[in-house]
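In: from the sequence below, what's the structure:
(one chain, ligands or ions: 1)
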Amino acid sequence: MAGTWVFVEQRDGNIRKVSFEILSEAKKFGDEVCAVLFGKGVEGIASEFAKYGADKVYVADADVFANYNTGAYVAQMVAMINEYSPNAVLFAHTFNGRDFASRLAQKLDAGLATDVIAAEVSAGKGVFTRAIFAGKALAKVEVTTSPILATVRAGVFEVVESAGAGEVVKANIAATDGDVYQTIKEFIPTVSARPDLTEAPVVIGGGRGCKGPEGIKLVEDLADMLGGAVGGSRASIDSGWLGHELQVGQTGKVVNPNLYIACGISGAIQHLAGMSSSKFIAAINTDEEAPIFSVSDFGVVGDLFKVIPVLTSELKK
Ligand code: FAD
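Out: Next up is the predicted model:
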């Protein structure tokens, strides 16, 4: 049992920043660090990982991996783990990463720590820190199975360049079409000039207090002024003011930006679960008793329809 594997997420050859964050952190464990790349026609990007410390890059390149699909990806990973016996396998805590790691844990009967914000991995033991009770407390969990599995929150680790040998190892393809039990008929990317919600350094959140598209427009203008992403509470998503992919919270995405500004969001525990680890939190809310203020570094008790335009115009200056 040796080596820390990092499953790297890519789409059309574009690698998610969180994968580099995890590779950089894995380097600190002192064990061999290996990037694991699945896809179709992805061999060309395997060299990317050497400069973030990857000693090896395992590449599984086949048609069956063209898009993420649970069955084929899990079958392939199980075969590779059986062949190479890594000590730990780390995933990003994204929709795909959560899905992949949990199915893999079930298949291997292995322990899985999810949404971790700190990690110490040694031979046969992983100690991970997780935020619990919507970020009000931190729990340390220990995984001692073989392998150790964890999903890692985006934005908590720095991307650090460091040289690795980056030896490319072509994996034997074990997954077949028979492992695929969901097929993607069409992939419709969201077209947005704004940064990815989970990777943006600034996120402006809009809630029910925005009252409709007019209020959301103010949130978007502020986000654009700061080069940030827009996120929403479930109330604003369910109202159809923002797309589903922008929901922040327990059943949405977990964000960890340098700055999160909650506009017209009360701060329900399910929303806090997705943003309370942001480095600096500001809130604009008419209700001074709103729970969002209890996690905020800076708060404005006021009407967002008055406050945001002033803020945006001051920033413009
Ligand atoms: P509200 O709670 O209605 O708050 C609106 C806020 O706007 C209030 O605080 C009000 O004072 C303020 N306001 C009103 N007018 C103005 C104004 N003019 N200017 C400034 N402030 C104003 N929620 C999520 O967000 N993400 C999740 O992932 C999620 N998952 C859930 C999972 C489950 C199983 C359940 C049961 C719930 C989940 N929820 C989730 C819903 C959650 O419980 C809340 O209902 C939701 O977060 C509330 O959204 P909100 O804060 O926008 O609305």
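
In: interface residues of the stretch 201-317 of the chain facing the ligand?
Out: The stretch 201-317 of the chain comes close to the ligand at residues 207-209, 233-236, 247-252, 264-266, 268, 270-271, 274, 284-287, 290, 303-305, as judged by Cβ under 6 Å from any ligand atom. (C-beta placed from N, C-alpha, C; glycine too.)

In: for Ile261, give its distance to Val307.
Out: 10 Å (Cβ to Cβ, to the nearest Å).

In: which neighbours do these two share?
Out: Each of Ile284 lies in contact with both Ile261 and Val307 under the rule Cβ atoms under 8 Å, 6 or more residues apart in numbering.

In: so between the two, which is more surrounded?
Out: A count of neighbours by other Cβ atoms under 10 Å puts Ile261 above the other of Ile261 and Val307, at 28 against 18.

In: quick one: the more buried one is in a strand?
Out: Yes: Ile261 forms part of a strand when assessed by DSSP: H, G, I helix; E, B strand; the rest coil.

In: so it touches Ile204, yeah?
Out: Yes: between Ile261 and Ile204 there is a contact under Cβ atoms under 8 Å: 4.9 Å.

In: where do the contact lists of those two overlap?
Out: Joint contacts of Ile261 and Ile204 (Cβ under 8 Å, 6+ apart) are Leu222.

In: name the residues that touch whatever helix or strand Leu37 lives in?
Out: In this assignment (DSSP states H and E), Leu37 forms part of strand 33-39. For strand 33-39, the external contacting residues (Cβ under 8 Å, 6+ apart) are 3-8, 10, 13, 19, 23, 26-27, 45-46, 49, 53-61, 65-66, 73, 76-77, 80, 86, 89, 164.

In: buried ones among these?
Out: Buried members of those, counted by 16 or more other Cβ atoms under 10 Å: 3-8, 10, 19, 23, 26-27, 45-46, 49, 53-61, 65-66, 73, 76-77, 80, 86, 89, 164.

In: out of these, which sit inside helices?
Out: Among those, the members falling in helices (DSSP state H) are 19, 23, 26, 73, 76-77, 80.

In: make JSON lines out of those residues and add distance to the ligand and pLDDT.
Out: Output for those, formatted as JSON lines (distance: Cβ to the nearest ligand atom, whole Å; pLDDT from 0 to 100):
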{"residue": "Ser19", "distance to the ligand": "24", "pLDDT": "96"}
{"residue": "Leu23", "distance to the ligand": "28", "pLDDT": "97"}
{"residue": "Ala26", "distance to the ligand": "29", "pLDDT": "97"}
{"residue": "Tyr73", "distance to the ligand": "25", "pLDDT": "98"}
{"residue": "Gln76", "distance to the ligand": "31", "pLDDT": "98"}
{"residue": "Met77", "distance to the ligand": "28", "pLDDT": "98"}
{"residue": "Met80", "distance to the ligand": "33", "pLDDT": "98"}
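
In: what residues are up against Ala163?
Out: Ala163 neighbours (Cβ under 8 Å, 6+ apart): 50-51, 53.

In: ok, it to Leu23 distance?
Out: For Ala163, the distance to Leu23 - Cβ to Cβ - is 12 Å.

In: any chance you could list residues touching both of those two?
Out: Gly53.

In: neighbours of whichever residue of the stretch 51-200 of the chain sits closest to the ligand, how many?
Out: Proximity of the stretch 51-200 of the chain to the ligand (Cβ to the nearest ligand atom) peaks at Ala134, 10.4 Å away. Other residues lying near Ala134 total 21 when counted by other Cβ under 10 Å.

In: my read: it touches Ala273, true?
Out: Yes: using Cβ under 8 Å, Ala134 is in contact with Ala273, at 4.5 Å.

In: between the two, which contacts overlap?
Out: Common neighbours of Ala134 and Ala273 (Cβ under 8 Å, 6+ apart) are Gln250.
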